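Participant: structure for this input, please:
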Amino acid sequence: MNIFSITLKNIKAKPLYSVLSVITLSLSITLLLGIKQIALSFKNQIENNLDNIDLVIGAKGSPLQLVLASVLHLDSPTGNIPYQEAQKISKNPLVKWAIPISYGDNYKGFRIVGSTKNYPDLYKAQLEQGQFVKKSMEAVLGATAAQQLNLKIGDTFLSAHGLIDNDIEVHTEEFTVVGILKPSQKVIDRLIITTLECIWEVHHHDEHEHDEHEDEETSHQHPTKSDKEVTSLLVSLKSKRALLNFPRKINESTNLQAVLPKYELHKLYDYTSVGFKTITIIGYLILIIASLSIFMSLYKMMKERAFDLAILRTYGATRFQLIKIIVYEALTIVCSAFAIGFIIIKLRIKVFMNSQSISLQQNILQDLPLQEVLKIAELMLIMVLIAVVLTLIPLLKMNISTILSNEK
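Facilitator: As a prediction, the model looks like this:
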């Protein structure tokens with residue numbers, strides 16, 4: 001007797017129950033996998049990209065906006081600050097190190113960030129090919145940027161003003177790709193790195209090129225110290241005690257603002273985690289409903305096919321073989337639902353990202369760890385096991401002679 005063949009026939013005999021069970025279960029799986037992926041990706045961005053950054057110093061404005069723009073590169077900057085002010089802060093005895101960053105241009109949606117040679121070290125970035133920038137108009141690409149832009153060593157490109165891809169304000173100076181970084185699962189993967197001097201020269205030249213009253217000689221001058229600005233300053237302090245007074249001193253005595261990135265991002269995570277938890281609870285409720293539908297489907301099968309099962313018993317089928325029919329049916333539905341849910345979550349993200357060019361380039365979603373997927377699979381199996389056990393109770397109590405006599 002082919003148990004699996006009988007199982008498939010049972011499923012085909014009641015397509016409505018089977019399809020509804022699969023749809024409900026796959027919906028709960030998709031929801032749970034999706035929300036876990038978003039939550040873990042957000043948490044990963046917070047933990048992996050902060051490292052030893054104690055402070056972000058920039059122009060006055062929203063503290064959270066400054067952190068998102070300077071650390072995760074997911075927002076617009078609050079403005080620029082004088083480079084001379086940033087240098088003064090860097091020389092403060094309480095400062096362990098300070099890395100200035102300057103940006104405002106992009107290439108096809110990927111941000112071009114000017115900084116010092118220490119910036120890649122902040123993310124422990126390693127070269128996959130080529131070398132780090134050594135002179136003006138050279139650029140190193142993050143792994144995601146290189147892949148999506150399809151650029152390689154020696155290729156050139158023109159940057160555009162702003163953080164969104166456009167063909168209106170395109171600079172005339174060409175960048176040359178000199179290096180490509182290894183994947184790091186950090187924000188630097190989706191950045192184009194160059195020098196501060198390069199950013200200053202491009203914008204200085206661009207400003208004079210649009211000034212009809214400037215002569216040719218003036219248009220080739222380099223920016224002076226007073227002209228130089230940076231977007232923000234990433235700071236690490238020598239001691240945690242300095243966090244108590246140093247930021248307050250900057251906020252009160254200067255036109256700048258000093259923000260604690262860990263505090264701002266964890267506060268944001270706390271706010272969003274409420275939504276994550278709510279949707280997760282809904283996902284688990286749908287999973288419970290799906291498990292109940294499987295139980296109802298199996299129990300209905302037991303009641304409707306009691307005579308058939310009794311006949312199988314009279315022809316030599318063991319009670320264990322009948323149990324296997326029920327177990328196989330439940331596992332077939334669950335495995336089908338899990339496969340569909342997993343495929344949906346993968347395709348949904350891919351299709352959405354392909355339809356949103358900037359979202360694709362600024363994607364911070366990480367692949368869900370196998371351990372998290374297995375946790376959901378384990379929970380599903382437990383729920384289905386409970387449904388199967390409840391269904392088996394009438395089977396174990398089945399009286400063959402009574403069923404056959406009543407049917408006649």
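
Participant: for stretch 117-125, the distance to its chain's centre please.
Facilitator: With CA atoms, centre = their mean, to the nearest Å as the basis, stretch 117-125 stands 22 Å off its chain's centre.

Participant: ah, wrong one, I meant stretch 229-238
Facilitator: Using CA atoms, centre = their mean, the offset of stretch 229-238 from its chain centre is 26 Å.

Participant: mind checking the end-to-end distance for that stretch?
Facilitator: 25 Å (CA to CA, to the nearest Å).

Participant: average pLDDT across that stretch?
Facilitator: For stretch 229-238, mean pLDDT is 93.

Participant: and that stretch, what's buried?
Facilitator: Under the neighbour-count criterion of 16 or more other CB atoms under 10 Å, stretch 229-238 has E229, V230, T231, S232, L233, L234, V235, L237 buried. In short, each C-beta sits where N, CA and C put it, glycine included.

Participant: which one of these is nearest to K303?
Facilitator: For the buried residues of stretch 229-238, the closest approach to K303 (CB to CB) belongs to L234, at 67.5 Å.

Participant: could you find the closest non-adjacent residue to the closest one?
Facilitator: With CB to CB, 6 or more residues apart in numbering as the measure, I99 is the residue that lies nearest to L234, at 4.6 Å, once sequence neighbours are left out.

Participant: and that neighbour, which of the three is it?
Facilitator: Taken by DSSP: H, G, I helix; E, B strand; the rest coil, the conformation at I99 corresponds to strand.

Participant: okay, now the domains of this structure?
Facilitator: 3-45+269-407, 55-259 (automatic domain parsing).

Participant: please pull out the lowest mean pLDDT helix or strand from this structure.
Facilitator: Least confident element among the helices and strands of the chain, by mean pLDDT, DSSP states H and E: helix 357-361 (a mean of 44).

Participant: rounded mean pLDDT for the helix or strand following that one, please.
Facilitator: Later in the chain than helix 357-361, the nearest helix or strand by DSSP states H and E is helix 370-396. Averaged across helix 370-396, pLDDT comes to 80.

Participant: pull out the buried residues from helix 370-396.
Facilitator: Here helix 370-396 shows V373, I376, A377, M380, M383, V384, A387, V388, T391, L392, L395 as buried, counting by 16+ other CB under 10 Å.

Participant: got the angle for the longest helix along the chain vs helix 370-396?
Facilitator: In the chain, taking DSSP state H as the definition, the longest helix is helix 261-304. Interaxial angle, helix 261-304 versus helix 370-396 (axes from the mean of the first three to the mean of the last three CA atoms, to 10 degrees): 20 degrees.

Participant: gap between helix 261-304 and the chain center?
Facilitator: Distance, centroid of helix 261-304 to centroid of chain: 20 Å (CA atoms, centre = their mean).

Participant: find the nearest non-adjacent residue to N48, please.
Facilitator: Sequence neighbours aside, K186 is the residue nearest to N48 in space, at 5.1 Å (criterion: CB to CB, 6+ apart).

Participant: kindly report the same for L181.
Facilitator: Using CB to CB, 6+ apart and skipping the chain neighbours, the partner closest in space to L181 is A125 (4.9 Å).

Participant: correct me, but that neighbour touches I180?
Facilitator: No: judged on CB atoms under 8 Å, A125 makes no contact with I180 at a distance of 10.6 Å.

Participant: so between these two, which is more surrounded?
Facilitator: Shown here are A125 and I180; by other CB atoms under 10 Å, A125 has more neighbours (23 against 19).

Participant: what distance do you get for the nearest residue to L31 once chain neighbours are set aside to A139?
Facilitator: When the adjacent residues along the chain are set aside, L31 lies closest to G283, with 4.0 Å between them (CB to CB, 6+ apart). For G283, the distance to A139 equals 43 Å [CB to CB, to the nearest Å].
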